Structures are given as C-alpha cells and as structure tokens.
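1. Here is the input, now give the coordinates:
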Amino acid sequence: MIVYPAIDIRGGRCVRLVEGDFAREVVFDEDPVDAARRWSDAGAEWLHVVDLDAAVVGEPVNIDAVARIRSAVDIPIQIGGGMRLEEHLEAAFDRGFDRVNLGTAAIHDADMVRRAVSHWGDRIAVGLDARDGKLAVGGWLEQTEAVARDVAQAFRNDGVTHFIVTDISRDGTLRGPNLAALGEMIELLGHGVIASGGIGSVEDILRVEAAGADGVIVGRALYDGRVSLAEVVSTLKSIERGA
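-> Okay, here's the model as predicted:
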C-alpha cells in the first residue's frame, strides 16, 4: 500500500482543513515546496497535491506553487482541485504531473471524465468525497444526492482504475477512518481504492492496509508529528516482504 502525503494549497500556503471547512484552517508551511521536499526526503513514493482555491472556483489558481512543487521533487504526484475541463488536464500532464483526480467533473460532466479515461487511461482518478454516503463537490461546498457507491460502479464500468475515497466528516479530525464505508467500497471495486480522511495514527494506516486499500492519504497526522512517514513506509514494506 502506498502512503500519499497530502499537500493542500490555499492562498499559496500549505494548509489543512477540518471536515473541509475553510473557516477551520491551519497553516503548516508558508511555502508548500518545503512540505514536498520534507515528505520526499522521508521516503514518500507519491504526493497528493490539492489546489483548494481551484476546487471552489473551478479552474487552477495556485499555479505557481503547484509548478514549483513539481520542479522540486522527482517522485510521482497526483493533483486535484478545479480540474473540470480537458484543457486543465492537458496543462497538468504537460507540466509533468502523473495523475489527475477528478471530483466535481465526475458529477457535473461525466462525459468529459469518460473521454479523459479513454485518452489518458490510469492517469485519471475519480474522487468520491462523501457525507453519509452522498457526494459533495465544488470544494465540498455543494452537497449532491449522488450516491458514492453508484457513481463508483458506473465509472468502474467506464474503465476508471483509481478512486480516492474520502469521508468528509472524518477529514482533518484525526478520529480514524470510516472503515465500514471504506470496506464496502473496496468490496464493490475490488482494487484501486485510495482511502482518505481521519487518519490519526500508524494504527489507522495499518487498519486501512488490512482492509485492502491500495493507498492512503495522510495529512494532518504527518504535519502534527503523530505519524512518522519514514517509519510507516518502513513498516508497510516489512509487511509486504512478510506476505
């Protein structure tokens, strides 16, 4: 299982929100590049970068900060936030990003997502950001009636291989992941599930690994020092060798 350190950018800075609430923001790095280098040096295999401002306005905003992260580290990066047009995807891939996460577009322009999957294959991920099983979009400010499981199944049928599954009520809270909902999604999809939301300890990460997720996104627990990235990467590699 891959651990994805999260780098959420708002106003050019690296921040963390609680339950997606922009009024509950904590700044961890004035320059997101510092975070990117720190996690890369600690052994990260991928980074998960989100342009929070872009998620709200619907087009890339923190372009300079995002570009500098890409230039600063050599590891793969998946990026999300405001990616709603094919030209946004083209620009992201032209800048050297390895995977793009589509959330709002998956609800409002499913045909575009299907075209993107047809063109870029497994470089496209679909973000399933849910409250009580129903998806929220637009930086989580717009609640929809779309059922996460139904959307996941439809896009799996369309060839999507990566799904980033977030329980919004757990995100940034350090209360632990929603293992019941995660397990249901893994049972439905079988593979390609990246868990997000609520990770507060190494034990939480190991529970996600035991549930069968292919990846886990960790944010606040890394920045608070509750989880050592180097140690958890080493632990997961030991588990893989034992298997």
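
2. Tell me the spacing between the residue nearest to Asp224 when sequence neighbours are not counted and His119.
-> Nearest residue to Asp224, sequence neighbours excluded (Cβ to Cβ, 6 or more residues apart in numbering): Leu174, at 7.6 Å. From N, CA and C alone the C-beta is placed, and that goes for glycine too. Per Cβ to Cβ, to the nearest Å, Leu174 is found 38 Å from His119.

3. Now tell me what touches the lowest-mean-pLDDT helix or strand in the chain from outside.
-> Lowest on mean pLDDT, DSSP states H and E among the helices and strands of the chain sits strand 21-29, with a mean of 89. Strand 21-29 is contacted by residues 10, 13-18, 35, 52, 139, 172, 220, 223 when judged by Cβ atoms under 8 Å, 6 or more residues apart in numbering.

4. redo that, cut-off 7 Å
-> Arg10, Arg13, Cys14, Val15, Arg16, Leu17, Val18, Ala35, Tyr223 (Cβ atoms under 7 Å, 6 or more residues apart in numbering).

5. Output the residues you listed in TSV; the columns should cover distance to Phe163 and neighbour count.
-> As requested, the contacts of strand 21-29 are exported to TSV (distance: Cβ to Cβ, whole Å; neighbours: other Cβ atoms under 10 Å):
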residue	distance to Phe163	neighbour count
Arg10	24	25
Arg13	28	17
Cys14	25	25
Val15	25	21
Arg16	22	21
Leu17	21	20
Val18	23	15
Ala35	25	24
Tyr223	25	22
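
6. Please say which of Leu174 and His119 ends up with more neighbours.
-> Leu174 (18 against 13; other Cβ atoms under 10 Å).

7. is it true that the more buried one lies in a helix?
-> No - assigned with DSSP: H, G, I helix; E, B strand; the rest coil, Leu174 falls outside any helix and is coil.

8. how about the helices in the protein?
-> For the chain, helices defined by DSSP state H occupy the ranges 32-41, 52-57, 63-72, 86-94, 104-108, 110-120, 148-157, 179-189, 202-211, 220-223, 229-242.

9. now these in JSON lines, with distance to Ser196 and mean pLDDT?
-> JSON lines is the format used below for the helices of the chain (distance: least, Cβ to Cβ, whole Å; pLDDT from 0 to 100):
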{"stretch": "helix 32-41", "distance to Ser196": "16", "mean pLDDT": "98"}
{"stretch": "helix 52-57", "distance to Ser196": "14", "mean pLDDT": "91"}
{"stretch": "helix 63-72", "distance to Ser196": "19", "mean pLDDT": "95"}
{"stretch": "helix 86-94", "distance to Ser196": "19", "mean pLDDT": "96"}
{"stretch": "helix 104-108", "distance to Ser196": "15", "mean pLDDT": "93"}
{"stretch": "helix 110-120", "distance to Ser196": "19", "mean pLDDT": "97"}
{"stretch": "helix 148-157", "distance to Ser196": "13", "mean pLDDT": "97"}
{"stretch": "helix 179-189", "distance to Ser196": "10", "mean pLDDT": "97"}
{"stretch": "helix 202-211", "distance to Ser196": "10", "mean pLDDT": "97"}
{"stretch": "helix 220-223", "distance to Ser196": "12", "mean pLDDT": "96"}
{"stretch": "helix 229-242", "distance to Ser196": "15", "mean pLDDT": "92"}
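
10. Fine by me, thanks again.
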